[in-house]
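Asker: sequence isn't available, so here's the structure alone:
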Ligand code: FDA
């Protein structure tokens, strides 16, 4: 049987980083993936330009049943460490917004860099290889692969979450965790568009394609970023962000004119230019199609001078504090990440090793650590992969 010091399951962001670091330390490393190519999610990420980190990443940007778990890894491997690698490879990048770093050219530059680093570290990459099962074997593990069984001292599970099954996501990591007695924090799609029930959808369908700067809130959590009306419901960065916090049955409140007191603005306009149509005035605060729709839905016709304070307050309420209950989300089909995963209680936060199973490691998205939108999830993949790479 082939022998390796380390076998990594999953050649995504976390797995490749771990393999590189372990290889650099002289470990004999095999990394396997059932996909045709390594780093497929990196390839499609950030609209093909990979938002590879966020320079402002702190533990506060991550969700987990134990919010402290990610602190050690994020401290040991920082965004600047990954940026240094990217610079060393001469990959040009830019900050798009809010600390989000994107490749200038293509996410393939990042994959190329990782493949080259794996090559330099002597890592063996085996693609289109199915994992049929794993077993404990004395101090180590035997991994049954479609190419035959392999033995290893350390087994690293980096198979990612459940999002986008079409791209090869499976529940293998969770199954291995359960097999070895680790708990799973319930998983759910996150960073995902939210959907409306049929009646609301029909009413709002004319707005499909309209986008607006918005503050979107669920309970005490708020995000200010773009929001987009779609033919299924709502999307855009602010909605994806809030989807990680929202739960079925909960309300979402949206301010579609952040920083503008719409009631006061409408009243002032009524006093100054009472002969203008309400939708025209409102169309200077929010996109015209949205303004038109709000005025129509409220059943208001005529000039702003004809509108009472009560009517203007109602319209302002829709703009500054539109409150609704989504019916659900678009699910794993379009979710960027999976919330929940391998319970961090069972893992060592410095090495990612399972406390009860020496030699077994879980890294990246399969772990119950989920970042906000904006490069945070890759930073977690790099950091957790790097930490395991020092320990295997
Ligand atoms: P990842 O999913 O990358 O890798 C897991 C690997 O395991 C895959 O290669 C898969 O084929 C393999 N695998 C799974 N099951 C297997 C099995 N049974 N046998 C063998 N192999 C198996 N994040 C970010 O920070 N910035 C961004 O710009 C984006 N953009 C983005 C866009 C889209 C469309 C999505 C879906 C996601 C993002 N993300 C993102 C999230 C980011 O892609 C994600 O968090 C990381 O890729 C997670 O890295 P992992 O290595 O943990 O899993």
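Answerer: Structure received. Source: prediction; values computed, not measured.
Asker: C-alpha from now on. contacts and neighbour counts both.
Answerer: Noted.
Asker: residues contacting the residue of the chain positioned farthest from its centre?
Answerer: Going by Cα atoms, centre = their mean, the residue of the chain most distant from its centre is residue 275, 47.6 Å out. Listed by Cα atoms under 8 Å, 6 or more residues apart in numbering, the contact set of residue 275 reads 303, 304, 305.
Asker: show the pLDDT at it.
Answerer: Here, the pLDDT recorded for residue 275 equals 96.
Asker: what do you get for the one 3 residues further on?
Answerer: Confidence per residue is given as pLDDT, and for residue 278 that number is 97.
Asker: equivalent analysis for the one 5 residues further on, please.
Answerer: The predicted local distance difference test score for residue 283 is 98.
Asker: and the residue farthest from the centre of the chain, how far from residue 101?
Answerer: In this structure, residue 275 and residue 101 are 48 Å apart, going by Cα to Cα, to the nearest Å.
Asker: contacting residues around the nearest residue to residue 231 once chain neighbours are set aside?
Answerer: Take residue 231 and drop its neighbours on the chain: the residue closest to it by Cα to Cα, 6 or more residues apart in numbering is residue 208, 5.4 Å away. Neighbour list for residue 208: 228, 229, 230, 231 [criterion: Cα under 8 Å, 6+ apart].
Asker: ok, and the most crowded of the contacts of residue 275?
Answerer: Neighbour counts for those, by other Cα atoms under 10 Å, peak at residue 304, which reaches 25 neighbours.
Asker: from what I can see that one touches residue 276, true?
Answerer: Yes. If you go by Cα atoms under 8 Å, residue 304 and residue 276 touch, sitting 6.0 Å apart.
Asker: could you report the neighbour count for whichever residue of the stretch 201-350 of the chain sits closest to the ligand?
Answerer: Nearest residue of the stretch 201-350 of the chain to the ligand (Cα to the nearest ligand atom) works out as residue 336 at 3.8 Å. Residues contacting residue 336 under the criterion other Cα under 10 Å number 22.
Asker: how much space separates it from residue 214?
Answerer: For residue 336, the distance to residue 214 - Cα to Cα - is 21 Å.
Asker: ok, residue 90 next?
Answerer: Taking Cα to Cα, one finds residue 90 at 36 Å from residue 214.
Asker: the more surrounded of those two?
Answerer: Under the neighbour definition other Cα under 10 Å, residue 90 and residue 214 were set side by side, and residue 214 has more, 26 against 11.
Asker: residues touching the residue nearest to that one when sequence neighbours are not counted, list them.
Answerer: Leaving aside its chain neighbours, residue 214 sits nearest to residue 256 (4.6 Å; criterion: Cα to Cα, 6+ apart). Residues in contact with residue 256 (Cα under 8 Å, 6+ apart) are 212, 213, 214, 215, 286, 319, 320, 321, 322.
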